[in-house]
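Asker: Following is a predicted model, sequence given first.
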Amino acid sequence: MSNNTEKTPQRIRKIVYFWIPILSVALDLASKYWAKTYLKPRKSIPVIGDAVTFTYLENKGAAWGMLSGKINFFVILTALLIVLFLVLIARMPATKRYRPLLITMLCLLGGAFGNLYDRIFQGYVTDFISFDVIHFPVFNVADIFVTCSFFSLIILFLFYYSEEELSFIPLLGSKK
């Protein structure tokens with residue numbers, strides 16, 4: 001009986017983890033639907049004066065429109081990165097210590113899937129959040145997940161995990 005009792009929290013955690021990328025994709029797609037439906041006809045809506053606006057943009061490249069029109073390149077690159085992260089998640093030790101890394105990678109996957117969906121089914125990524133004060137590129141909810149996850153990964157790799165703990169990641173960890 002105690003074996004089943006011990007496995008129940010693990011099952012619940014796995015279910016919660018499973019939902020992280022799904023909910024992040026759903027949030028991204030819902031926000032992009034809103035942008036296409038309500039923002040596109042208006043082009044731009046001020047949110048915080050002139051500092052932050054919702055500005056509809058169809059981005060056929062990466063940030064700042066770099067490599068515009070290279071949709072196939074981004075689809076292939078994103079698909080490869082998704083596979084890489086899925087492999088890393090599968091190889092990650094299933095202990096409490098790796099929870100921050102797992103959650104970060106799942107959020108990154110959610111963001112990657114959100115933009116991949118746009119590129120495959122629309123041929124562009126819908127962007128709509130604009131910080132006009134610093135002339136930052138227009139971005140979307142998926143970009144927030146990817147960017148925050150990327151910086152979280154850097155912090156985790158530099159300050160939280162040792163090289164030995166990252167030995168399941170080729171090129172990052174050392175097996176001493």
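Answerer: Sure, I can see it.
Asker: Report the separation between Val125 and Trp19.
Answerer: Applying Cβ to Cβ, to the nearest Å, the value for Val125 to Trp19 is 23 Å. No exception for glycine: its C-beta is placed from N, CA and C like everyone else's.
Asker: ok, these two, which is more surrounded?
Answerer: Taking neighbours as other Cβ atoms under 10 Å, Val125 and Trp19 compare with Val125 leading, 24 against 13.
Asker: Touching, that one and Leu116? I think so.
Answerer: No: Val125 lies out of contact with Leu116 (Cβ atoms under 8 Å); the separation is 9.2 Å.
Asker: Where do the helices of this structure begin and end?
Answerer: Here the chain has its helices, by DSSP state H, at 2-34, 71-91, 99-122, 141-155.
Asker: for those, which one ends up most surrounded?
Answerer: helix 99-122 (a mean of 20; mean count of other Cβ atoms under 10 Å).
Asker: Distance of Phe73 relative to Thr104?
Answerer: The spacing between Phe73 and Thr104, counted by Cβ to Cβ, is 25 Å.
Asker: now swap in Leu166 and tell me
Answerer: 13 Å.
Asker: cool, and Tyr117?
Answerer: For Tyr117, the distance to Thr104 - Cβ to Cβ - is 21 Å.
Asker: what's the burial count for the residue nearest to Pro93 when sequence neighbours are not counted?
Answerer: Take Pro93 and drop its neighbours on the chain: the residue closest to it by Cβ to Cβ, 6 or more residues apart in numbering is Phe168, 6.7 Å away. Phe168: 15 surrounding residues under other Cβ under 10 Å.
Asker: mind listing what Phe168 touches?
Answerer: Phe168 is in contact with 88, 91-93, counting by Cβ atoms under 8 Å, 6 or more residues apart in numbering.
Asker: what residue ranges in this structure score low on pLDDT?
Answerer: The model of the chain has pLDDT under 70 over residues 1-14, 64, 172-176.
Asker: Please repeat the previous calculation with a cut-off of 80.
Answerer: Along the chain, the parts satisfying pLDDT under 80 run over 1-16, 62-69, 135, 170-176.
Asker: Contacts only, for Asn115.
Answerer: 28, 74, 78, 125, 140, 142-143, 146.
Asker: Distance of it relative to Lys36?
Answerer: 15 Å.
Asker: cool, and Arg42?
Answerer: Counting by Cβ to Cβ, the gap from Arg42 to Lys36 is 12 Å.
Asker: Determine the residues that are contacts of both of these two.
Answerer: Tyr56.
Asker: which of those two has more neighbours?
Answerer: Shown here are Arg42 and Lys36; by other Cβ under 10 Å, Lys36 has more neighbours (15 against 10).
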